[in-house]
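Visitor: Any chance you can model this:
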Amino acid sequence: MARSALTITAATFTATAALLLTACGGGGDDSSSEDIKGADTGAGSSSPSASASAAADRPDLSLPTDLKVDFDAPQPSEDRHAAALDNAKNYILALNHGITAQDPEDPAYQFYSLGNATEYARQQIQAWVEDEWTATGTDSYYKTRTDDVSDSGGVLVRMCRDQSEFFGKNVKTDKVKYTQGSLNDYQEFRLLMKPPQGSQEIWKVLQIEVQGRVKECRR
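Guide: A predicted model of the protein is given here:
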C-alpha cells in the first residue's frame, strides 16, 4: 500500500454516522471479482447530444499510465442507484487525479463533492503534496452496495478497497516505496450521495467515512 501516513484510513467526518443508521436496503449489489477499470456514466440522458454536452462540461479524470483505479462495481438495476454509484466512482478517480496532478485545489474532486467530502479530498491531496509523494500501482474497489437513505432522498454507496498494490512514489526521485501486504490494505468506503438539486445535474458526495483494517474486505 502507499505510505501509511498518506493512505485514506480511519473513520472520518463522524456526522455521517447518523445518516448511515437510516440507510435501508433495496438497491444493493455485491461482488468480489476484479478488472472493471474506471467509471461509467450510467445515468440516463435525454439524447446523444445532451450526453455529449454533459461529458464536455466534466473535469479531466485521466491518470498517469503507471496508476490504475479498478472498480468491480456491477451497475444497480435502479437508475438513481446507478447514477449515485457512477459519481461515487468519479469522486475516487478525482481524488487520485488530484494526487497525481499534485494539486490540492484540483477542480475534479470539487466537481463531484460537497461539504465535508470536498474538505476530505483537499486534505488528503495536500498531505501527499507536502510530503512530496504521488501514487503508482493499482487502487482496487469491489463488493459495492447501494442503499436508500430514508428521509433525505440520498443513496449510501459502500465499497471495499484493496490497496496492497497501491504505492507512494517520490515526485523528485521517482523512487517507489513498496510495502508488505497486511490487513491495513483493506478498507471500507461509505459515501453518502446527494441527489441532483436545482441547477446541480449530478449526484455528489456529501459525506465520506472510511474504516480501516476491515477483515470482511480481505481477498
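
Visitor: Strands along this structure, start to end?
Guide: Counting by DSSP state E, the chain has strands at residues 23-24, 67-71, 133-149, 155-170, 176-177, 186-194, 204-212.

Visitor: need these in CSV with mean neighbour count, distance to Pro104 and mean pLDDT, can you?
Guide: (C-beta placed from N, C-alpha, C; glycine too.) Shown next, in CSV, are those (neighbours: other Cβ atoms under 10 Å; distance: least, Cβ to Cβ, whole Å; pLDDT from 0 to 100):
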stretch, mean neighbour count, distance to Pro104, mean pLDDT
strand 23-24, 16, 31, 41
strand 67-71, 20, 18, 98
strand 133-149, 22, 13, 98
strand 155-170, 22, 17, 98
strand 176-177, 16, 21, 97
strand 186-194, 24, 20, 98
strand 204-212, 23, 16, 97
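
Visitor: So for Asn116, which of those strands sits nearest?
Guide: With Cβ to Cβ as the criterion, Asn116 lies closest to strand 204-212 of the strands of the chain, at 5.5 Å.

Visitor: now the helices: where do they sit in this structure?
Guide: Read by DSSP state H, the chain holds these helices, from start to end of the chain: 16-20, 48-56, 79-101, 107-111, 115-130.

Visitor: what's the most buried one of the ones you listed?
Guide: Each of the helices of the chain was given a mean neighbour count from mean count of other Cβ atoms under 10 Å, and the largest, a mean of 25, is that of helix 79-101.

Visitor: Which strands or helices does that one pack on?
Guide: Helices and strands touching helix 79-101, as assessed by 3 or more Cβ pairs under 8 Å, 6 or more residues apart in numbering; DSSP states H and E, comprise strand 67-71, helix 107-111, helix 115-130, strand 133-149, strand 155-170, strand 186-194, strand 204-212.

Visitor: These: which one's closest to Asp57?
Guide: Between Asp57 and those, the shortest gap by Cβ to Cβ is with helix 107-111, which sits at 9.0 Å.

Visitor: Show me what that closest one is in contact with.
Guide: Residues external to helix 107-111 that are found in contact with it (Cβ atoms under 8 Å, 6 or more residues apart in numbering): 58-61, 91, 93-95, 97-98, 118, 121-122, 125.

Visitor: Show the contacting residues for Tyr91.
Guide: Taking Cβ under 8 Å, 6+ apart as the contact definition, Tyr91 lies against 109, 112-113, 117, 121, 191, 204-205.
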